[in-house]
Structure formats: structure tokens, C-alpha cells
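**Q** Provided below for reference: sequence and predicted model.
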Amino acid sequence: MHRARRATKNIYRGASFHSMHWADVVAEQLLQHNQAHVLATAITPSGPIHVGNMREVLTTEAVYRALVDRGGHAELIYIGDTFDPLRKVYPFLSDDYQQYVGMPLSEIPCPCGRHESYAHHFLSPFLESLEELGVHPTVYLAHELYGEGRYHQAIRRALDGADTVRAILSEVSSRDLSSSWVPFTVRCPSCGKLQGEVVDYRYPSVRYRCPSCREEGEVDLRQGGVGKLPWRVDWPARWSMFGVTFEAFGKDHAAAGSSWDTGQRIVREVYGREPPTPLVYEFIHLKGKGAMHGSTGTAVAAEDMLAITPPEVLRFLLMKTEPSRHIDFDTGFGLLDLVDEYDRYERIVFGLEEEQAGVKEAERIYWLSQPHPRAAHVMSAQVPYRHLVTIVQIARDWDQVKEILRRNGEIGELSAYEEGKLRERVDKVSHWLDRFAPESVKFEVQDSLPDIEVSGEMRAFFVSLAAALGEQPWDAEAIHQTIHAVAQEQGMPAGRAFRYLYLIVLGQTKGPRAGYFIHSLGREFMLERLAAAAKAGA
RNA sequence: GGGCUCGUGGCUCAGCUAGGUAGAGCAGCAGGCUCUUAACCUGUCGGUCAGGGGUUCGAAUCCCCUCGAGCCCGCCA
């Protein structure tokens, strides 16, 4: 608001995002330069990949869609940084991993033993999540790119231009580099660590010394996988190799003197081409838990978020928020609110609700949020998420959920699409209840009468209520009123009556709104339970 | 030391690109035939738009300054 909007160019706000969706603004900007684009994203799988990283891919994919919508030609690529060395033994690793520190992630054993490597262990679930989110990039793995010699020319140029690289790094990032520093690290053939220091270079051979095992030797650059460019050079090298024209990256790369600043100069001065159009995104935080960092082990993995959030809702969260704004992801009640908000947008898009203030670009955001836009021409059978939280706890399985919803008249015949969507939500709600839901919304319907003391007052209430409920239509509102009527007959405050009912069904004193709740439980169940309770008090 | 974002009712935010004295959702409160309860509906309370100055007939919106909050970089990626 009162923040200064400097006149100097600001890569955080390349253009105004106000009259159009941000993805469209970026797409138009890109199309002014060129009709064909390569959009790159990349992530280092050194630990569980968190939702913060998800933002990078989804942000880029939104721009991709906007480009394609405008008739542009676009390619979405994803590079897994599988050739990066393991930095340290992260908290989620066993001490055994000490021996692998310094080795490329692709050559370290999988922590669970079920994947090809350490890198795959963390990358695979993330790629599966992308699939669920409807993101389909062309995937490249860095260790393959290096191994196949794709980096050969880029490495050669970096070594030939070592003086330039060194000058840029020390000028722009004010790093203190020795005159012998060279932008290449050799993978020591003897110990496998990516730490070999270059002592001499005469193309195509590189002499190195390994600080770890003290080995000295020579490698041939024409062979693949003999070493790696440091990040600050690797990045511009990729832009050059793939012809990248757009890249979204976190603000960690965008600070003054950071890799974006050095990368721009290196790509121009060493690789002779222009840098991509940048888009800086802010991080996603877990509400109340601070920033999410894969390396600290405190992060919640992207796949965990997806386990509790319908994919279109996760996309929705990112699509409705400008990339430059940070997001607090609330895994508690906030998640329920978010799903409700999504549903509201859906109703607006399908004309069931009027667009109001506080809703922006409903249509565009809704379509960008669809994992499979073509399938979503029909509205989904909306059952409020909060309601599902209750239903899921009453029902034992999907069929029962469906039955209860039918009995309540909340759903009719479902198309395959509707049923799929609803079932997906039920799955997500179940996971949420298991792992994130606040205790206050949890309950468990007891299979038999809980072990409680039934007083005379309770018994009388149960008997009368059973009689009254037995001879009336099974209707939520009617049940609610009957409870009050019977309680009044007995001269009992309504609150006490409800407490008794929750006690015999749940074994606790509170629960979901009684009328609807009992209705969902079914007449047979309720009458049996009342009878059992009355008997216990006899 | 440097960079970015944010500061609008209890909470989360929209509105700011093209100035005309504020708008949603949630929460709260009150109702829904004597009914506090976590899914429903209706109504309603609530904000000197962080503060100061400037431009203007008029500023949450534009300009300048101050304060506050968060994050990032200055190891590696």
C-alpha cells in the first residue's frame, strides 16, 4: 500500500497483475517477444519435496496453459537435480548416511529400499502428485543429462571462460574467490564424491585432487558424468542448453547478488544468449509453523498436502494468489474454509450463485484450478466439506457414505465424474481426520452402548424418546423437535437431553447437531441404542 | 549490510494498475412456533483502511517519510 513502488525495474512485478489473471499477464508479455517458449522448473530431491516447491511447478504450468490458450507454442520441462551432492545427514536420515555425504543423490541408496536411488525416493512421489494435479512436464534428470554428455559443451565453455565466471561471481555476489578457482567439480572416480578440485585444465582433460580421499588424477570431459558445474553456472548453462525463455523461481534465488543476478550475466557473457523472463514466487508457510524447508525435516511433503486436499483445491489456492504473495497453508479449519471457498467459485461459474465482492476472476481461476479442464464441464455434486467430516466419521466405508447421503437426500444419481470427485473428497477427508484434524471435530460412533452409568432420569428419557421416534417419519428436523418435546415433557433442560444422547452414541458429551446426526445414523440403529441404554438403567 | 512482501472490522483476505470518503468469507451476536451443542437458513454488530506529511475539489487507492511484521540473500543449492 504505502510500500514504495520504485521506478527502477522490478523483477518481482514485471507487469501489472490487476486487470487480468497473473498467468495471462505473463503469457501476453512472453508472446510479445516470441511465439514459441520453453518454460523450465527444477527441484533438488534432497529430502521430502514440500508444497513450497509445488508452487514453482504449478505457477509455471499456469503460464504454460495461458500461453497455449493464446495459440502460442509452449513446452514445459522439469529438471530433477539428481546429480547434486548430498549436503549433510538430514534429521530424517539415519547416521549411516554420513558415508554418502558429498556423493550425487542419484548414486546414494534409497532410504526405504524400494526406489532406484536416494533421488528417486523423494522425486517419485512428487512426480505422482504432479500427475494427480494434472501437470505433465517433460522430465529430465540431471544425472542422466550429465551422464549422457549433454553438458559437455556447456562445461567446456565454463572452463574456457573461467576468468569471466570468476569475475562475475566476485563482482556481483562479492564472493572472495581465489584465482585458481574454476567452475567445475570433479566426481572423484575413486571415492565417488563430487568434491574434486580442479588443479589443471587443458581441454579435454582435467586434472583434479580429491580432498576427501586424497586421490589425484585426470578425467576426460568428453566422457559423461565426470563432474558437475556449480549451481550458479549450472543454471545459466541449462537456459542455454534447453533454450529456456521463462522460469519461475523462489525469492531465495532473487535476492540482490544472488544466483539470478549472476546467472543473467553468465548466460550473456559466457553462453551468449539472453536470460529467460523471470517470475519470482514467495514461499508457502504452514500456518503457525513457519517456513517449510525440506532440509530441516519439519516440512510436510507435497504428497501429504495432496492427501488431505483435493487437487483442484490445492491448485485453486495457488491460482487465486499472486505468486509474489506468501501463503499460509492452514491444515486445520482453514483447509475446510478453503474447500468451501472453492465450492463457492464453482457455483458462481455454473451460475448457481451470483458473483459478489471479494471474488476475483472466478471463471479464469476456476478453470486454471482444474487438473483436467476438459472433464470439468459438469459441476460436481457438492456436499459441503464440513458435512463430509461428520459423515465420514459415521460411516465405515464409501458405500455407507453414499447410502447416508442418499438417505438424507443430499445426492441423487451420480455420474461417473461426480462419483469420482465425491469419493476423492471422502478419501481426503479421512486422511485429514487421521493426521491433521483438531480433536474437537473428532468423534467415534460406538458399536455398542458405552460403559456409562444410566440414571433413572436418563432411562425415562430414553424410553419416551424411543417411543416418540418410533412412530414418526424419519426426518432430521422432526427428530430435533421431538428431542426437545420429550425433554420438555420430562422437565429436563434440552442441553442435558442432548448430552445424554451423545453419551450413549459417542461416549462423549458433545457431538454434531443432533437432528441431522441421528438422522444419518438411521432409525434402526438409534432405536436399538436407546433400548439398550434403557435396559442398562433398569 | 542488502533484497522482497505485507500492515484494511476478532481471523483470512478483496478493493489500489486508469483517485470519488470501504467489501466478502469465517468467527461473534440475535432469530428459525418454550431449541447454547460442530452440517442448514435469515438477520445483525463490527473498520478514523499502521502512522505522519504532500498532490487534489476529493486518497485505502498517487508521491515522500516513519513505524511495525514476516521472509530471503550475504555457506551450498
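**A** Yep, that arrived.

**Q** ok, which stretches of the stretch 201-350 of chain A are strands?
**A** Secondary structure of the stretch 201-350 of chain A (DSSP state E, counting those that start in this stretch): strands located at A:205-209, A:216-220, A:227-228, A:246-250, A:277-281, A:284-286, A:290-291, A:327-329.

**Q** swap in the stretch 1-150 of chain A?
**A** For the stretch 1-150 of chain A, applying DSSP E, counting those that start in this stretch gives strands covering A:36-43, A:73-80, A:138-141.

**Q** Tell me which of those lies nearest to residue A:218.
**A** Proximity to residue A:218, assessed across the strands of the stretch 1-150 of chain A by C-beta to C-beta, is greatest for strand A:138-141 (26.9 Å). Any C-beta I mention is one placed from the backbone N, CA and C, and that applies to glycine too.

**Q** Partner strands of the closest one and their direction?
**A** For strand A:138-141, the paired strands and their directions (DSSP bridges) read strand A:73-80 (parallel).

**Q** So which bits of the partner strand are buried?
**A** By neighbour count on 16 or more other C-beta atoms under 10 Å, the buried set for strand A:73-80 is A:74, A:75, A:76, A:77, A:78, A:79, A:80.

**Q** so where's the stretch 151-300 of chain A shaky on pLDDT?
**A** When residues are selected by pLDDT under 70, those of the stretch 151-300 of chain A lie in A:287-300.

**Q** list the contacts for residue A:477?
**A** When contacts are counted by C-beta atoms under 8 Å, 6 or more residues apart in numbering, residue A:477 touches residue A:515.

**Q** Make a markdown table out of the strands of the stretch 1-150 of chain A and add mean pLDDT.
**A** A markdown table is the format used below for these (pLDDT from 0 to 100):
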| stretch | mean pLDDT |
| --- | --- |
| strand A:36-43 | 94 |
| strand A:73-80 | 96 |
| strand A:138-141 | 96 |
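
**Q** quick one, which of those is nearest to RNA strand B?
**A** When the strands of the stretch 1-150 of chain A are ranked by distance to RNA strand B, counting by C-beta to the nearest atom of the strand, first place goes to strand A:36-43 at 8.1 Å.

**Q** Let me know which of the strands of the stretch 201-350 of chain A is the nearest to residue A:40.
**A** Distances from residue A:40 to each of the strands of the stretch 201-350 of chain A were compared using C-beta to C-beta; the minimum, 4.9 Å, belongs to strand A:246-250.

**Q** Show me what the closest one pairs with in its sheet, parallel or antiparallel.
**A** For strand A:246-250, the pairing partners within the sheet under DSSP bridges are strand A:36-43 (parallel), strand A:277-281 (parallel).

**Q** Give the phi and psi angles for the residue nearest to residue A:148 when sequence neighbours are not counted, as a check.
**A** Sequence neighbours aside, residue A:224 is the residue nearest to residue A:148 in space, at 5.4 Å (criterion: C-beta to C-beta, 6 or more residues apart in numbering). Geometry field for residue A:224 lists phi and psi as phi -80, psi 150, criterion degrees, to the nearest 10.

**Q** What count of nearby residues applies to residue A:224?
**A** When neighbours are counted by other C-beta atoms under 10 Å, residue A:224 registers 15.

**Q** so what are the domain limits for chain A?
**A** For chain A, whose domains are defined here by automatic domain parsing, the residue ranges read A:185-228, A:319-440, A:456-537.

**Q** To residue A:144, which of these lies closest?
**A** domain A:185-228 (9.0 Å).

**Q** In the stretch 351-500 of chain A, which residue sits nearest RNA strand B?
**A** With C-beta to the nearest atom of the strand as the measure, residue A:495 is the residue of the stretch 351-500 of chain A nearest to RNA strand B, at 1.9 Å.

**Q** Tell me the pLDDT of that residue.
**A** With respect to pLDDT, residue A:495 scores 81.

**Q** in the helix or strand encompassing it, what's buried?
**A** Secondary-structure assignment from DSSP states H and E places residue A:495 in helix A:494-506. By neighbour count on 16+ other C-beta under 10 Å, the buried set for helix A:494-506 is A:497, A:498, A:500, A:501, A:502, A:503, A:504, A:505, A:506.

**Q** go on, stretch A:484-492?
**A** A:486, A:487, A:490, A:492.

**Q** what's the answer for stretch A:432-444, then?
**A** A:432, A:433, A:436, A:437, A:441, A:443.

**Q** Now, those that are in helices?
**A** When DSSP state H is applied, the buried residues of stretch A:432-444 are split such that A:432, A:433 fall in helices.

**Q** and the buried residues of stretch A:432-444 near RNA strand B, which?
**A** Near RNA strand B, taking C-beta under 7 Å from any atom of the strand as the test, the members of the buried residues of stretch A:432-444 found are A:441, A:443.

**Q** And the buried residues of stretch A:432-444, which two are furthest apart?
**A** Farthest-apart pair in those is A:436 and A:443; separation 16.1 Å (C-beta to C-beta).

**Q** Which positions in the stretch 51-200 of chain A make contact with RNA strand B?
**A** A:81, A:84, A:87, A:173, A:174, A:175.

**Q** Touching, the second one and residue A:47? I think so.
**A** No: in this structure residue A:84 lies outside contact range of residue A:47 using C-beta atoms under 8 Å: 11.6 Å.

**Q** Give me the common contacts of these two.
**A** Taking C-beta under 8 Å, 6+ apart as the contact definition, residue A:84 and residue A:47 share no neighbouring residue.

**Q** where's residue A:178 relative to residue A:163, distance?
**A** With distances defined as C-beta to C-beta, to the nearest Å, the gap from residue A:178 to residue A:163 amounts to 13 Å.

**Q** same check, this time on residue A:34
**A** To residue A:163, residue A:34 is 32 Å away according to C-beta to C-beta.

**Q** now residue A:255
**A** Distance check for residue A:255 against residue A:163: by C-beta to C-beta, it reads 26 Å.

**Q** just residue A:245 next, same as before
**A** Looking at residue A:245 against residue A:163, where the rule is C-beta to C-beta, the gap reads 28 Å.
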